[in-house]
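Undergrad: Following is a predicted model, sequence given first.
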Amino acid sequence: MPRLVCLLGLLYVAAAAHAETVPTIDDPELNARYQALIREVRCLVCENRSIAESPTDAAQELKRVILDMIVAGKTDAEVAEFLAARYGDSILYRPPVQPNTWALWGGPGALLLLGAYVFARIVRARARQPIEEDDIE
């Protein structure tokens, strides 16, 4: 039993030491921009997590960089451009629309139109088929 208590105590201390310290800004408007931006930036280490949710050191460093840029007066677009230039477009949950991301942005719409076209063709083909006496029963 004492070993279990010691182990739990060590785990608590380790978790507290590794707990993320989220810096905030006193200005509510700047803080809202900061919070929105860190939710739109993908963590470099975690799979499909924003840096707001990630406890990694890389995410903490990106949070500090974003905070410094916002405090320095950079716009959201300037912060996003900086991050994309440094880490690539994949760091943003909403990458910019440009020739290398056209498939990403247009793909879902193209697949939807293709599916609607195939569905319409199937419905028309079935409508042209004659109804036989056996099918009525």
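TA: Yep, it's here.

Undergrad: Ignoring the adjacent residues along the chain, who's closest to the residue nearest the centre of the chain?
TA: The chain has Tyr93 as the residue nearest its centroid, 4.1 Å off, counting by Cα atoms, centre = their mean. Excluding the flanking residues, the one nearest Tyr93 by Cβ to Cβ, 6 or more residues apart in numbering is Glu40, at 5.2 Å. C-beta coordinates here come from the backbone N, C-alpha and C atoms, glycine included.

Undergrad: The one you found and Ile91 touch, don't they?
TA: No - the pair Glu40 and Ile91 fails to qualify as a contact (Cβ atoms under 8 Å) at a distance of 9.6 Å.

Undergrad: what's the domain layout of this protein?
TA: Structural domains of the chain, as assigned by automatic domain parsing, span the residue ranges 1-96, 97-137.

Undergrad: picking up where we left off before, wait, what's in contact with the residue nearest to Tyr93?
TA: Glu40 makes contacts with Ser50, Ala80, Leu92, Tyr93, Arg94, as judged by Cβ atoms under 8 Å, 6 or more residues apart in numbering.

Undergrad: what about the helices in this structure?
TA: 2-18, 28-40, 57-71, 76-87, 102-128, 133-136 (DSSP state H).

Undergrad: can I get these in CSV with mean pLDDT and distance to Cys46?
TA: As requested, the helices of the chain are arranged in CSV below (pLDDT from 0 to 100; distance: least, Cβ to Cβ, whole Å):
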stretch, mean pLDDT, distance to Cys46
helix 2-18, 50, 14
helix 28-40, 91, 13
helix 57-71, 93, 7
helix 76-87, 92, 14
helix 102-128, 92, 21
helix 133-136, 62, 56
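
Undergrad: okay, those helices, which one's buried deepest?
TA: Of all these, helix 57-71 has the most neighbours on average by mean count of other Cβ atoms under 10 Å, namely a mean of 17.
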